[in-house]
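Trainee: got a sequence here, can you model it:
(2 chains)
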There are 2 protein chains.
Amino acid sequence: MNTQFLQRRRALRARIAEAHLSGVLSMNPASWYYLSGYTGEAGALLVSSKGSWLVTDGRFTSQAKEETSGLRVVRQEESLMATLGRLLRGRSRSRIGFDATQLSVAQFRALRKAAGSRVRWVNADGEVEKGRQRKDPAELAQIRKAALLAGEVLSNAIKLLKPGVREIEVGAEIEYQMRRRGASGPAFESIVAFGTRSAHPHARPTGKRLRKNELVVLDLGAILAHYCSDITRTVFVGRAPARIRRWYGAVQEAQAAAVAAARAGISCGDVDAAARRVLARYRLSQYFVHSTGHGLGLEVHEDPRVASGQKHVLVPGNVITIEPGIYVPGVGGIRIEDDVAVHAGRTELLTRVPRDLIEI
Amino acid sequence: MNTQFLQRRRALRARIAEAHLSGVLSMNPASWYYLSGYTGEAGALLVSSKGSWLVTDGRFTSQAKEETSGLRVVRQEESLMATLGRLLRGRSRSRIGFDATQLSVAQFRALRKAAGSRVRWVNADGEVEKGRQRKDPAELAQIRKAALLAGEVLSNAIKLLKPGVREIEVGAEIEYQMRRRGASGPAFESIVAFGTRSAHPHARPTGKRLRKNELVVLDLGAILAHYCSDITRTVFVGRAPARIRRWYGAVQEAQAAAVAAARAGISCGDVDAAARRVLARYRLSQYFVHSTGHGLGLEVHEDPRVASGQKHVLVPGNVITIEPGIYVPGVGGIRIEDDVAVHAGRTELLTRVPRDLIEI
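Mentor: Numbering: from 1, shown residues only, chains lettered A, B, ... in the order given. Predicted structure coming up:
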């Protein structure tokens, strides 16, 4: 694995040079792992033409030294930004790229002060993350496994849906089963929403008990060997009335349309539009209150975003979720989500759980 | 509960007026809950002399309306900062406080642009969070319950420590047992570190199996009804050699000294120094690589920080952790952590698990 991290840093260095930068700063833990193997929660990674530095505090320095190679691990004195700034101080005419979405106003102030006026700070939002959008075969294999694992856990969770069970009980079982299957944890707090609570797209599990004739939205993801998955299915407890069937059919059709659209050469905005067009035809647009999907990898939400107007054109190696949904206040929600890998000339569905309405 | 949120906003408004601000912006989800009851993951809360606004995206608007009262929920158009800025636009001579540690450079740029030049942005770091440091009796009762729950889960986890068990198995069981006892989840990824891995203060559970004559560090916390707990114990598998006993005794003495020091009227820096002094006497200072503790409440790490030089003077209602530790590379780590509530004239240990070295 170590040579892989070195290769990724080398690729980043080439992009840095093209952008006429002497180095680039990353404050994103997923990118630290991607570029170095470091899994700590705190720090700052600087990749420069002259070498790489990882600054972190005493809780993580020994771990950082064990996990990385070919870079200098520096234990922070006082504050992270003061230490980082001092490393850069006096490097005249250096142009350092930074991501304005990753650095707080306070951090940036402290960093500029410590680095001094000879360092020029250049906006390079998303520059480090660009390399992560195109997954290599080993990464794809990991996400595939994480997606299958999430599907198994979801299928098992559906079996727990008996009237009387609480949302938090199902949530606890989901996360336990993930770990039993080797996941290091959930990729996000699992969503288990019964009845009208499912009308909140991001409902957290509560003590609510399941009743007959309720919709259930289950949305979960696992982290397996650092890579995330994300899957959603909607279940009806009992025989679904005609209105629910019609809505479910519309969401299913919208999801299928977006999956079909998600091909190399197509923009993410067009994938989003494919789902939106179907829901508009059913006059359900006003209930589709979020975007169609997001990139998936070391982070559960990463670029490219699959949203209205997004210009990113899909390329082989992109992995995205497709998850249109509708949310009717006072009634409930319906969402179907799969993970999709884009290849040259074909699209691979990584999640393999049936998509038809499940009535239990 | 609703009147409580209104009261907290009223108290904040009084502090805002004192600071000659017309309003204050919070980008901290724990503070959104504290001030309004909103539990969504995305948004921005503005509390002003003229009323309060909660801006969030379509995933959270229906939830926000259900969870809050007495404030305006605004669904964001385009970006969060653009919508927030537009709400403020044209309010001449308004001075809005913001926390520079909570806003990214990119967000602040977008916000200032959208709000226009008539809005003045004033640094008010930690202003909103000040109210959260002094817990009221209901909050203390919740943290007490969360601390007892964490202690029970920890005591049960110790029973799983048989040679051959894997770190991740113990981790999975810990989080499952928390949820079974009513926790909404872990307050942080549980630390289960066997043998030399325990020399990393923040080791994540791996597939490593437990062997005889190893140290084990277990560090876990639960979220119960929004409030966090945090506890650490260290176990030796077998009969501990003299060196380990001496080290353990030193950490135990340092922890007791810091707990004894943690009283109303004493500065956090002095609490930290009490632990540090003991470890220095044992010539173990270089192995104590982090600070002595941190505030505990809606967030697992919040103010006040219990670290070298921290000037915050403890007052009744403060809840902090006391968790000195030593980490010897190639050998292992020892940490003992309890949660402490400061009252007038006395200190309450919220975690109730024995502190003596456990040999199993």
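
Trainee: make it CA atoms for all contacts and neighbour counts henceforth
Mentor: Will do.

Trainee: apart from its neighbours in sequence, what residue is nearest the residue in the stretch 51-200 of chain A that chain B sits nearest to?
Mentor: Residue of the stretch 51-200 of chain A nearest chain B, by C-alpha to the nearest C-alpha: A:S104 (4.0 Å). Take A:S104 and drop its neighbours on the chain: the residue closest to it by C-alpha to C-alpha, 6 or more residues apart in numbering or on different chains is B:S104, 4.0 Å away.

Trainee: quick one: the one you found from B:F98, how far?
Mentor: 11 Å (C-alpha to C-alpha, to the nearest Å).

Trainee: tell me which of the two has more neighbours.
Mentor: B:F98 (23 against 20; other C-alpha atoms under 10 Å in any protein chain shown).

Trainee: need the pLDDT of the more buried one.
Mentor: For B:F98, the pLDDT comes out at 98.

Trainee: about what we covered before: surely the residue nearest to A:S104 and A:F98 touch.
Mentor: No: contact criterion C-alpha atoms under 8 Å: B:S104 and A:F98 do not qualify, at 11.8 Å.

Trainee: does the helix ranked longest in chain A reach chain B?
Mentor: Longest helix in chain A by number of residues (criterion: DSSP state H): helix A:137-159. No: judged by C-alpha under 8 Å from any C-alpha of the partner chain, helix A:137-159 stays clear of chain B, getting no closer than 14.5 Å.

Trainee: let me know the next secondary structure element after that helix.
Mentor: Tracing the chain C-terminally past helix A:137-159 and defining elements by DSSP states H and E, one meets helix A:167-180 next.

Trainee: buried set for that next one?
Mentor: By 16 or more other C-alpha atoms under 10 Å in any protein chain shown, the buried positions in helix A:167-180 come out as A:167-179.

Trainee: tell me, which of those make contact with chain B?
Mentor: Here is what survives when the buried residues of helix A:167-180 are matched to chain B using C-alpha under 8 Å from any C-alpha: A:168-169, A:172-173, A:175-176, A:179.

Trainee: quick check, nearest of these to A:R132?
Mentor: The nearest member of those to A:R132, counting by C-alpha to C-alpha, is A:R179 at 25.4 Å.

Trainee: run through the residues that contact that closest one.
Mentor: Applying C-alpha atoms under 8 Å, 6 or more residues apart in numbering or on different chains to A:R179 gives the contacts A:185, B:168-169, B:172.

Trainee: among these, which two are most distant?
Mentor: A:G185 and B:E169 (11.5 Å).

Trainee: tell me which stretches of chain A form helices.
Mentor: Under DSSP H, chain A gives helices at A:2-18, A:29-36, A:61-67, A:80-88, A:105-115, A:127-133, A:137-159, A:167-180, A:242-261, A:268-281.

Trainee: reformat these as a markdown table; add mean pLDDT and distance to B:L84.
Mentor: Converted to a markdown table, the helices of chain A look like this (pLDDT from 0 to 100; distance: least, C-alpha to C-alpha, whole Å):
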| stretch | mean pLDDT | distance to B:L84 |
| --- | --- | --- |
| helix A:2-18 | 93 | 34 |
| helix A:29-36 | 98 | 28 |
| helix A:61-67 | 94 | 39 |
| helix A:80-88 | 95 | 29 |
| helix A:105-115 | 97 | 18 |
| helix A:127-133 | 94 | 27 |
| helix A:137-159 | 98 | 37 |
| helix A:167-180 | 94 | 34 |
| helix A:242-261 | 98 | 31 |
| helix A:268-281 | 98 | 25 |
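
Trainee: residues of chain A that sit close to chain B?
Mentor: Residues of chain A lying close to chain B by C-alpha under 8 Å from any C-alpha are A:40, A:57-60, A:62-63, A:100-108, A:168-169, A:172-173, A:175-176, A:179-180, A:182, A:184, A:199-203, A:205-206, A:289-290, A:329.

Trainee: please verify my assumption that A:L80 contacts A:G58.
Mentor: No: using C-alpha under 8 Å, A:L80 is not in contact with A:G58, being 11.0 Å away.

Trainee: mind putting the helices of chain A into TSV with distance to B:D136?
Mentor: Output for the helices of chain A, formatted as TSV (distance: least, C-alpha to C-alpha, whole Å):
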stretch	distance to B:D136
helix A:2-18	49
helix A:29-36	35
helix A:61-67	38
helix A:80-88	34
helix A:105-115	30
helix A:127-133	44
helix A:137-159	39
helix A:167-180	27
helix A:242-261	46
helix A:268-281	47
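
Trainee: pretty sure A:Q76 contacts A:L54?
Mentor: No: A:Q76 lies out of contact with A:L54 (C-alpha under 8 Å); the separation is 9.7 Å.

Trainee: who has more neighbours, these two?
Mentor: A:L54 (25 against 19).

Trainee: per-residue confidence at that one?
Mentor: pLDDT, A:L54: 98.

Trainee: pairing partners for it in the sheet, please.
Mentor: A:L45, A:V73 (DSSP bridges).

Trainee: got the buried residues for stretch A:120-137?
Mentor: So for stretch A:120-137, counting by 16+ other C-alpha under 10 Å, buried means A:120-121, A:124-129, A:131-135.

Trainee: go on, stretch A:40-59?
Mentor: Using 16+ other C-alpha under 10 Å as the burial criterion, the residues of stretch A:40-59 that qualify are A:40, A:43-49, A:52-59.

Trainee: same deal with stretch A:282-292?
Mentor: With burial defined by 16+ other C-alpha under 10 Å, the residues of stretch A:282-292 counted as buried are A:284-285, A:287-292.

Trainee: from the buried residues of stretch A:120-137, which two are the most distant?
Mentor: Using C-alpha to C-alpha, the buried residues of stretch A:120-137 reach their maximum pairwise distance at A:R120 and A:K135, which is 31.8 Å.
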